[in-house]
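> Sequence plus predicted model, see below.
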Amino acid sequence: MTNGRYSRQILFQNIGQQGQTLIAKAHILIIGMGALGTHVAEGLVRAGIGEITIIDRDYIEYSNLQRQTLFTEQDALEALPKAIAAEQALKQISSDVDIHAYVEHVTPATLEQYGHNITLIIDATDNFDTRRLINGFAYKQRIPWIYGGVVQSTYVEAVFSPGKTPCFNCLLPQLPAINMTCDTVGVIQPAVTMTTSLQIKDALKLIVGAEVDTKYTYGDVWSGEHHAFGFSKMHRADCETCGDHPQFTELTQANKQYATLCGRDTVQFDNPTISQEMLHQFLIAKAIPFKSNNYMIMFQYEGHRIISFQNGRLLIHGMTKPAQAATLVNKLFG
C-alpha cells in the first residue's frame, strides 16, 4: 500500500485508522456493472476496499459511455464484457485490491457460488426480479445489502440489514410501481452520482460499524427535491423473506431458459450445451459473418444482432418476446 494514500480519509474522525483497517479487510459483492456499478466500484476501490466481487451479464456499447465511468471508447469498440473491463480499470486505480469478475446472469445458483465470505452486497441493477433475488439471498445468509435505483433525473437508495431492518419485500406495498428504465426514458449523470454517493456513504458506515438509518431516500436532482422516510415499523410478520416463518421462495425458482432484458429490446437465451467452439464452427459452416474476442462471438441473423458468451448464454437484440427468441433459435440451430 502506498504510504499516505488514505491519509485524508483516515483524518476523517468517523473512520480513522481503525476504520481504514476494517475497510481494507472488507469484501464487497457488486451486482451489475453499469452506471451505478462503475461509480460504486471506483469509489470503493479509491477508499481502500480490500476485495471486490463483480457479477454482470452485459457488454459495453457506445451508449454506455455517457454515464458508466470506468469504460472507454476502445472498450466499446472491442465490445468487452463490463465485468472484465471494470476489473482492468479498477486494477489501474489500485493494484492492492483483489478483484473477482464474472460474466454471468445473476441466478440463485450464481449467488450461492460467488456470494459467500461477503461483508455486504450492493445492488447496481435495473431489474426488479434480480433485486428480489438479492434480497432473499442476503436475508438468508444474514448479509446487509444496499439498494439503489436511478432513472431520468430521479434517485432512490436504502439499506436492508437482516435482523435490524424490514426487508425489501416488506416495503413493496408502499413503493410506487416503476416500469421505466434508462433505456426507455433516459438518465443523466448527476442522478447517477447522487445515488452512488448515498450507496458508498452507507457502505463505509456499515463496514466501520457506524449506525445506519433505516430510511428510504429518494429525490430528483433536476427539480432539487430530496425526501426520506423511515421504514423501521414496516416489518410484516407474514413476509416470506424476513417474517416469522421465512420461505425464501425467490431462491427456489427455476432458472428461465428465455428472459426479457428490462427496457433493452433484447431476449436472453440460456443453453450451457452451446460452446463457443461449436458456435464458431457452425457459423463458418453456414457462411455467417461474425466477430469475436476472448469472451464472446457477435453475429447477425435474420436482422437480429446476437451475442454469444462462453457459458452458452445468448443475447438476441431487436425483440422483446421469449416466443420470438425461441423461434429464431430453432431456425438457427434446428
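Here it is on my side, so go on.

> going forward, measure contacts and count neighbours with C-alpha atoms only.
Will do.

> got the contact list for residue 295?
Residue 295 is in contact with 80-81, 309-310, counting by Cα atoms under 8 Å, 6 or more residues apart in numbering.

> One more: residue 228?
By Cα under 8 Å, 6+ apart, the contact set of residue 228 is 215-218.

> Compare these and tell me which has the most neighbours.
The most crowded member of these is residue 218, carrying 21 neighbours; neighbours defined as other Cα atoms under 10 Å.

> where's it, which helix or strand?
Under the criterion of DSSP states H and E, residue 218 resides in strand 215-220.

> For stretch 18-35, buried residues please.
For stretch 18-35, a neighbour-count test (16 or more other Cα atoms under 10 Å) marks 19-24, 26-35 as buried.

> quick one: contacts for residue 169?
In this structure, residue 169 makes contact with 132, 135, 239, 241, judged by Cα under 8 Å, 6+ apart.

> I'd like the average pLDDT over the helix or strand harbouring it.
Counting by DSSP H and E, the secondary-structure element that holds residue 169 is helix 168-171. The average pLDDT for helix 168-171 rounds to 92.

> Could you write out the alpha-carbon coordinates of that helix in CSV?
The C-alpha atoms that make up helix 168-171 are tabulated as CSV, following Å, rounded to 0.1, in the frame of the first residue of the first chain:
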residue,chain,number,x,y,z
PHE,A,168,-37.2,-5.1,0.5
ASN,A,169,-40.4,-7.2,0.2
CYS,A,170,-41.9,-5.5,3.3
LEU,A,171,-41.6,-2.1,1.6
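
> so how far is it off the chain centroid?
Helix 168-171 has its average C-alpha position 19 Å from the chain's average C-alpha position, going by Cα atoms, centre = their mean, to the nearest Å.

> Report the buried residues of that helix.
The neighbour-count check on helix 168-171 (16+ other Cα under 10 Å) flags 168-170 as buried.

> next one: stretch 274-293
Result for stretch 274-293 [16+ other Cα under 10 Å]: buried residues 274, 276.

> The host helix or strand of residue 205 - contacts with which helices or strands?
Using DSSP H and E, the element containing residue 205 is helix 189-208. Using 3 or more Cα pairs under 8 Å, 6 or more residues apart in numbering; DSSP states H and E as the contact criterion, the neighbours of helix 189-208 among helices and strands are helix 16-25, helix 35-47, strand 145-151, strand 154-160.

> Try it again at 10 Å.
Helix 189-208 sits against helix 16-25, strand 27-31, helix 35-47, strand 120-123, strand 145-151, strand 154-160, strand 215-220, with contacts defined as 3 or more Cα pairs under 10 Å, 6 or more residues apart in numbering; DSSP states H and E.
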